[in-house]
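# got a structure for you, letters missing:
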């Protein structure tokens, strides 16, 4: 019975890992991250420079602006290099500097915001899978409990297989929960990068 009690305690704790959102009411109960969910990110959240509406449609046609936007948006480019890259572009931009720098920001915004949207959608799908697995773990624990509390309980192959499956599912669930904690940070990191690049571009206007 002690073994059974430990199993039930473990699966209850595992199920609680599915999402902090299950323990704390949030506007979107399916959102698994402790970070607040912001579904739509607008340029105005980080940009106080010239109107960016037209630049959002033009940045791709400005080859040099698009190339710089892609480089700045890439997380492979250290932010420490951004100042020099932006300064070089601004120096060569001539009298259209403000307009072209705004296009650079527009490109960075669309690229990082697009990446953020994909990550947000992935987190939602991942959390949905975790909820399904948590329910399966609870069902397996219930079946184990029924077998062990049966008057004619015997150490059968069925019970051994069930416990093996339960332990495997629990392990996978916990590993995925740890991964989800890391992935939940990615949208915030992208937002921070976007804000820092916007600040650096505005400093050169």
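Okay, I see it. This is a predicted model, so every value here is computed, not measured. Numbering: from 1, shown residues only.

# which residues of this protein score low on pLDDT?
1-27, 152-155 (pLDDT under 70).

# how does it look with 50?
Judged by pLDDT under 50, the chain has its weakly predicted residues at 1-26.

# Show me the helices in it, by range?
Secondary structure of the chain (DSSP state H): helices at 2-16, 20-23, 53-58, 63-73, 82-93, 97-148, 157-183, 186-202.

# would you turn those helices into TSV with distance to residue 41 and mean neighbour count?
Glycine gets a C-beta too; all of them are placed from N, C-alpha and C. Converted to TSV, these look like this (distance: least, C-beta to C-beta, whole Å; neighbours: other C-beta atoms under 10 Å):
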stretch	distance to residue 41	mean neighbour count
helix 2-16	30	14
helix 20-23	20	15
helix 53-58	13	16
helix 63-73	14	19
helix 82-93	19	15
helix 97-148	5	18
helix 157-183	17	14
helix 186-202	7	18
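
# Out of these, the one nearest residue 39 is which?
With C-beta to C-beta as the criterion, residue 39 lies closest to helix 97-148 of those, at 7.4 Å.

# quick check: angle from the closest one to helix 82-93?
In terms of direction (axes from the mean of the first three to the mean of the last three C-alpha atoms, to 10 degrees), helix 97-148 departs from helix 82-93 by 150 degrees.

# how close does residue 190 get to residue 120?
10 Å (C-beta to C-beta, to the nearest Å).

# just to revisit the earlier point, any chance of the helices of the chain in CSV, plus distance to residue 37?
Output for the helices of the chain, formatted as CSV (distance: least, C-beta to C-beta, whole Å):
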stretch, distance to residue 37
helix 2-16, 20
helix 20-23, 9
helix 53-58, 24
helix 63-73, 22
helix 82-93, 28
helix 97-148, 8
helix 157-183, 14
helix 186-202, 9
